[in-house]
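Chemist: Please find the sequence and the predicted model below.
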Amino acid sequence: MHVVGPLRVAVVGSGPAGFYAAGQLLGSGFRVEVDVIERLPTPWGLVRLGVAPDHPEIKAVSRVFEKIARASGFRFFGNVEVGRDVSPAELALLYDAVIFAVGAQSDRRLGIPGEELPGSWPATAFVAWYNGHPDFQELDFDLSGERVVVVGNGNVAVDVARMLSLSREELVRTDATEAAIEAIAGAGVREIVMLGRRGPVQAAFTSPELRELGELGEAEVIVDPADLELDPVSEVSLAEDRSTARRNYELLRGYSSRRDGAKRKRLVLRFCTSPVALLGSARVEAVEVVRNRLVADARGELRPVATALRETIPCGLVLRSVGYRGVSIDGIPFDPERGVIANLGGRVLDGGGQTVPGLYCAGWIKRGPSGVIGTNKKDAAETVEALLADADAGLLRSEGGDLDALLGQRGVSVVNYAGWEAIDARERELGALLGRPRVKFARWQELLEAAGRPAGAGLDSPP
Ligand code: FAD
């Protein structure tokens, strides 16, 4: 062990990857101090602002992170954006090591005509809006139309389709924002159509999420039996599957044979159907779709190939749920193809493919937007192991200095952990008055006020 004082590590981003990395460093047996830096006044990343509001049992993972935040050597710097308030280069000088765990802050595109029309939104924005992300509260989703089309067949697509299907009674039990509850409960939406480009056997959603759709109070799931007729390759993969695809297929068969017509909303799941254009003069009025057939590629994977069968689905809103995408951080080598920081097992690589001692990454910005929350634990462990090995080899150096002094000079209004706890307590109190888990503050001003952080205050002032 070559480091004499405590190892000082900055973790950028306070989502699951950042918190797991912090926890693993603090529990490593090394003398470590960890500063977690987060651009929002609130921690937990997508656990607070991505995971569906009607899944409180998933959001409860934040209790694990709360325990990490209480460990000695941990500090939280909320409301501090790396790249705006402090640069990556400055962090590299201040700390022995920096771990970037900034997630995937953008979305993938469909690349079809009409994608930019008003009324066409990335599902990422809709998710951030109903969950109370303060950058997304001014967005105006027009929910007055009868039909919404959700493009995509993963769990995020299922989340947004389900959120649009919930009744007021179901919505008020969640921690969705008041504005979102009012907008969704008062909406004119009667039908939500989900489009999957491949077949039911290839769908990316998981079975519990699919089963849940059948238990909605106000929405009936509709599946056309013709969509469940399989091509020979899908039949073989279904016969060989022992878990997700088989369970999904059985659930879909159940939906296709059930129709009571008594519920107010219809949630239509369609397969082998891709959008080819969004149509409308001033805003989205319809989606033109094409029917696909599935063709095995050289590796035996089924790819959708468009047929001549086209159809137009009138709608007032399109939510494109075809994946999140990482964005580059100034000065940190980026792999634009994959939308991740260039890295080898969590060690950042320079332009020549050499590892840069002291710079690391974890979570979605390291491996891309895939996996569940727990996947980030193993992922962070690999990064922390690499970091500690580099510390042991004497590769890590800093010039000293303290981040709070630097931010104080710059007049950055840091929200420390006590500030977040003040926000959390106030949100829960407001929720208790209404019989809800919490009433979220979703505006920057409200969040900073609840944290007791007037603009310009330093880290050490009480929250
Ligand atoms: P994030 O959670 O995105 O955290 C990144 C953090 O970095 C954010 O807080 C961000 O504000 C911060 N940040 C970004 N840039 C900067 C900067 N420049 N300076 C400072 N801070 C910065 N998984 C499940 O297991 N179950 C689910 O039900 C589930 N539902 C999901 C629903 C949705 C809609 C989405 C998108 C994901 C869901 N996931 C779910 C997956 C899970 O949320 C991710 O695996 C996980 O959040 C990724 O962790 P991360 O730390 O890499 O990124």
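Modeler: In hand now; what should we look at? Numbering: from 1, shown residues only.

Chemist: Ramachandran coordinates for Pro232?
Modeler: phi -60, psi -40 (degrees, to the nearest 10).

Chemist: Also Pro357?
Modeler: phi -60, psi 140.

Chemist: give me every residue that touches it.
Modeler: By Cβ atoms under 8 Å, 6 or more residues apart in numbering, the residues touching Pro357 are Asp390, Leu395, Leu396. Quick note: C-beta positions are derived from backbone N, CA and C, even for glycine.

Chemist: Go ahead and confirm the last one touches Val32.
Modeler: What it means is Leu396. No - assessed by Cβ atoms under 8 Å, Leu396 is found out of contact with Val32, at 11.4 Å.

Chemist: residue boundaries of the helices in the stretch 351-463 of the chain?
Modeler: 364-367, 375-392, 403-409, 417-434, 444-450 (DSSP state H, counting those that start in this stretch).

Chemist: so, in contact with the ligand or not, the third one?
Modeler: In this case it means helix 403-409. No - taking Cβ under 6 Å from any ligand atom as the criterion, helix 403-409 and the ligand are apart, separated by no less than 12.2 Å.

Chemist: Name the nearest residue to whatever residue of the stretch 101-250 of the chain ends up closest to the ligand, sequence neighbours excluded.
Modeler: Using Cβ to the nearest ligand atom, Gly103 is the residue of the stretch 101-250 of the chain that sits closest to the ligand, at 2.4 Å. The spatially closest residue to Gly103, leaving aside those adjacent along the chain, is Trp364, at 4.7 Å (Cβ to Cβ, 6 or more residues apart in numbering).

Chemist: That neighbour: neighbouring residues, count only.
Modeler: 29 (other Cβ atoms under 10 Å).

Chemist: what's it in contact with, if anything?
Modeler: Counting by Cβ under 8 Å, 6+ apart, Trp364 has contacts Gly15, Ala17, Gly103, Ala104, Tyr324, Gly326, Val340, Ser370, Asn376.

Chemist: go with 7 Å
Modeler: Counting by Cβ atoms under 7 Å, 6 or more residues apart in numbering, Trp364 touches Ala17, Gly103, Ala104, Tyr324, Gly326.

Chemist: What helix or strand is the first one located in?
Modeler: Same thing as Ala17. Using DSSP states H and E, the element containing Ala17 is helix 16-26.

Chemist: what's in contact with that helix?
Modeler: 9, 11, 32, 34, 36, 45, 47, 65, 68, 71, 73-74, 99, 101, 362-364, 373, 376-377, 379-381, 383-384.

Chemist: and the angle for whatever helix or strand comes next after it with helix 375-392?
Modeler: Sequence-wise, the next helix or strand beyond helix 16-26 is strand 32-37, with elements assigned using DSSP H and E. If you take axes from the mean of the first three to the mean of the last three Cα atoms, to 10 degrees, strand 32-37 sits at 130 degrees to helix 375-392.

Chemist: which helices and strands sit right next to strand 32-37?
Modeler: When contacts are defined as 3 or more Cβ pairs under 7 Å, 6 or more residues apart in numbering; DSSP states H and E, strand 32-37 packs onto strand 7-12, helix 16-26, strand 74-77.

Chemist: Quick one: closest of those to Tyr249.
Modeler: The closest of the helices and strands packed on strand 32-37 to Tyr249 is helix 16-26. By Cβ to Cβ, the value is 30.7 Å.

Chemist: That closest one vs strand 7-12, what angle?
Modeler: Going by the same axes, to 10 degrees, helix 16-26 makes 170 degrees with strand 7-12.

Chemist: For the stretch 301-450 of the chain, give me the ranges with low pLDDT.
Modeler: Counting by pLDDT under 70, the stretch 301-450 of the chain contains no low-confidence segment.

Chemist: Now for the residue of it found nearest the ligand: which residues touch it?
Modeler: Nearest to the ligand in the stretch 301-450 of the chain, going by Cβ to the nearest ligand atom, is Gly363, at a distance of 2.3 Å. Residues in contact with Gly363 (Cβ under 7 Å, 6+ apart) are Gly15, Pro16, Ala17, Ala101, Gly103, Asn376, Asp379, Ala380.
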